[in-house]
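In: With the sequence up front, the predicted model follows.
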Amino acid sequence: MSSAAAENPADPREGIIATGIDPSSWAYAEDYIGEDEVVTGARATADDFGVAAIGPGAAAALSLLAATVGAKAVVEIGTGTGVSGLALLRGMRTDGTLTTVDLDAENQRLARKTYLDAGITSNRFRLIAGAALDVVTRLTDGHYDLVFCDADRRENTAYLHEALRLLRPGGIVVFAGLLTAGRVPDPAHRDPETTALRDLLRAVREDDDLVSALLPTSDGLLAATKRLAN
């Protein structure tokens, strides 16, 4: 559960209405896998540097999805301090490579330390500093098993377009932060970021070539897989 939620606990009855389960059960599910000292250290670093890291439940889901597709080649848009990248690496094949893109080179320095502290060898990750849409357009079509997007929410629809080009059939694209502390479901919120998230949700839902689900773990994960041809 996010620190904001811990500081401002919701009325349990509201939690039951919103989630269908009581808040203690949701928190238990969110922390079910648990995290080691490397991840908690990366989270602390993220807090120190003002970087938003995905929650424990979302990290566990990323590991599961990477393992499910037997991911060998993964693209991450938004490196942060390495919390999500390490989750992906731990779910990927041991000979797999993560390509992770971030505008901030300092974030990538911190992420590199996270990966190395976790025992991930340097040949298993490729750090590219730069604007996401400048970088991913140069990556190879149909080469990747999973694309994870956690960067500028206003660019998510463009990330989706690029991800569908990069993914092999059966590959998965995942977006973080789709529920944004309740803003997306609330029509009163019409700021550019929230509007862009709604546009993304609609684009994924209306694409007949995708099978998708919006998962209410952490602050929301949108996952979609490209259908395999019959």
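Out: Structure's in. What do you need? Numbers count the residues shown, from 1 in each chain.
In: where along this protein do the strands fall?
Out: 73-77, 97-102, 125-129, 144-149, 167-176, 210-215, 221-226 (DSSP state E).
In: For those, give me JSON lines that also has distance to T137.
Out: (Glycine included, C-beta is placed from N, CA and C.) Formatted as JSON lines, those follow (distance: least, Cβ to Cβ, whole Å):
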{"stretch": "strand 73-77", "distance to T137": "12"}
{"stretch": "strand 97-102", "distance to T137": "11"}
{"stretch": "strand 125-129", "distance to T137": "12"}
{"stretch": "strand 144-149", "distance to T137": "13"}
{"stretch": "strand 167-176", "distance to T137": "15"}
{"stretch": "strand 210-215", "distance to T137": "21"}
{"stretch": "strand 221-226", "distance to T137": "19"}
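In: now for those, which one comes closest to R90?
Out: strand 97-102 (10.4 Å; Cβ to Cβ).
In: Can you list the neighbours in contact with the closest one?
Out: 72-80, 85, 88-89, 92, 108, 111, 123-130, 132, 135-136, 139, 151 (Cβ atoms under 8 Å, 6 or more residues apart in numbering).
In: isn't G91 right up against L62?
Out: Yes: assessed by Cβ atoms under 8 Å, G91 is found in contact with L62 at 6.5 Å.
In: re earlier: nearest to A67, out of the strands of the chain?
Out: Per Cβ to Cβ, nearest to A67 of the strands of the chain: strand 144-149, 10.2 Å.
In: Let me see the residues that make contact with that closest one.
Out: The contact list for strand 144-149 (Cβ under 8 Å, 6+ apart) reads 62, 65-66, 69-78, 84, 88, 156, 159-160, 162-163, 166-168, 171-176.
In: which residue sits closest to the residue nearest the centre of the chain in space, ignoring its chain neighbours?
Out: Centrality entry for the chain: nearest residue to the mean C-alpha point is A176, 4.1 Å, by Cα atoms, centre = their mean. Closest residue in space to A176, ignoring its immediate chain neighbours: D150 at 4.0 Å, by Cβ to Cβ, 6 or more residues apart in numbering.
In: Please work out how many residues are found near the one you found.
Out: By the measure other Cβ atoms under 10 Å, the count of residues near D150 is 26.
In: any idea how far L222 is from it?
Out: 11 Å (Cβ to Cβ, to the nearest Å).
In: Ok, D199 next?
Out: Using Cβ to Cβ, D199 is found at 12 Å from L222.
In: Just the buried ones from the contacts of strand 97-102?
Out: 72-80, 85, 88-89, 92, 108, 111, 125, 127-129, 132, 135-136, 139, 151 (16 or more other Cβ atoms under 10 Å).
In: between G91 and L62, which one's more packed in?
Out: L62 (32 against 23).
In: For the more buried one, list the residues it contacts.
Out: I54, S84, A87, L88, G91, F148, V174, L221.
In: Looking at these, state which has the most neighbours.
Out: F148 (30 neighbours).
In: beta partners of that residue?
Out: Beta-bridge partners recorded for F148 (DSSP bridges): E76, V174.
In: how close does the closest residue to L197 other than its chain neighbours sit to L178?
Out: Counting by Cβ to Cβ, 6+ apart, V184 is the residue found nearest to L197 once chain neighbours are left out, at 5.2 Å. From V184 over to L178 the distance is 6 Å, taken as Cβ to Cβ.
In: now swap in L133 and tell me
Out: 20 Å.
In: Which one's more surrounded, these two?
Out: Comparing L133 with L178 by other Cβ under 10 Å, the one with more neighbours is L178, at 23 against 16.
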